[in-house]
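Undergrad: Structure here, sequence nowhere to be found:
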């Protein structure tokens, strides 16, 4: 697998804690995806009539973004497994996902997270009653930001002026991991 690019010192979105009310400028339909507390995999499967698959773009040891490190409680030199996938429905990318798993989290039962391949991370997380969703944030991403650039790779020109995304800090088998989900224009709203 290719090694993810080092995103240190790059512009990041202005992540906001998920609240109870929809932010200005976000449609009610998008808010329903952003604020959903359930399994995104399950919802995508339902919305696509079961025509769901995971396309692994890359996975390898890489560097997390500064705010990712802070949320994960990892120092600037912390090693992390970075996994980038597209969640396809009916053969079309609806979501780009970037998962950051600190090296220290890949121990015990959580070791399996490093070997998912094209299996859904969400299916693994939500199958375990011990999984805890600790924090959720949302942001509007612009083309100058690395997460937008990574998410937009598969999009045709012209690309949208912004994309909405969310990120969730999970604890799986007691270990932290961070999942960024960027919602692409093909997502049915």
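TA: Now that the structure is in, tell me what you want to look at. Values in this document were obtained by computation on a predicted structure and should not be read as measured data.

Undergrad: Based on its surroundings, how many neighbours for the residue nearest to residue 112 when sequence neighbours are not counted?
TA: The spatial neighbour of residue 112 that comes closest, neighbours along the chain excluded (C-beta to C-beta, 6 or more residues apart in numbering), is residue 124 at 7.2 Å. Every residue, glycine included, has its C-beta placed from N, CA and C. By other C-beta atoms under 10 Å, 16 other residues sit near residue 124.

Undergrad: mean confidence score for stretch 102-121?
TA: Average pLDDT, stretch 102-121: 92.

Undergrad: swap that for stretch 127-147, sorry
TA: Averaged over stretch 127-147, pLDDT sits at 94.

Undergrad: Then stretch 164-178?
TA: For stretch 164-178, mean pLDDT rounds to 96.

Undergrad: Now do it: distance to the chain's middle.
TA: 9 Å (C-alpha atoms, centre = their mean, to the nearest Å).

Undergrad: Now the terminal residues of that stretch, how far apart.
TA: Its start and end residues considered, stretch 164-178 measures 17 Å (C-alpha to C-alpha, to the nearest Å).

Undergrad: buried set for that stretch?
TA: For stretch 164-178, a neighbour-count test (16 or more other C-beta atoms under 10 Å) marks 164-173, 175-178 as buried.

Undergrad: just the helices in the protein please.
TA: With DSSP state H, the ranges of helices along the chain come out as 28-34, 40-47, 66-72, 121-127, 146-152.

Undergrad: and of these, who's closest to residue 15?
TA: Nearest to residue 15, of all the helices of the chain, is helix 66-72, at 6.3 Å by C-beta to C-beta.

Undergrad: How far does that closest one sit from its chain's centre?
TA: The chain centroid and the centroid of helix 66-72 are separated by 14 Å under C-alpha atoms, centre = their mean.

Undergrad: cool, stretch 17-33 as well?
TA: Between the centre of stretch 17-33 and the centre of its chain there are 17 Å (C-alpha atoms, centre = their mean).

Undergrad: heads up, I number from 21, so please use that
TA: From this message on, residue numbering opens at 21, which makes the last subject stretch 37-53.

Undergrad: And it, what's buried?
TA: For stretch 37-53, burial by neighbour count (16+ other C-beta under 10 Å) applies to 38, 50, 51, 53.

Undergrad: With adjacent residues omitted, what lies nearest to residue 159?
TA: In space, not counting the residues next to it along the chain, residue 159 is nearest to residue 33; the distance is 3.5 Å by C-beta to C-beta, 6+ apart.

Undergrad: Who are the contact partners of the one you found?
TA: With contact taken as C-beta atoms under 8 Å, 6 or more residues apart in numbering, residue 33 is in contact with 159, 160, 161, 162, 165, 167, 168, 185.

Undergrad: how close does it sit to residue 145?
TA: Here the criterion is C-beta to C-beta, to the nearest Å. By it, residue 33 lies 23 Å from residue 145.

Undergrad: What of residue 122?
TA: Distance of residue 122 to residue 145, given as C-beta to C-beta: 16 Å.
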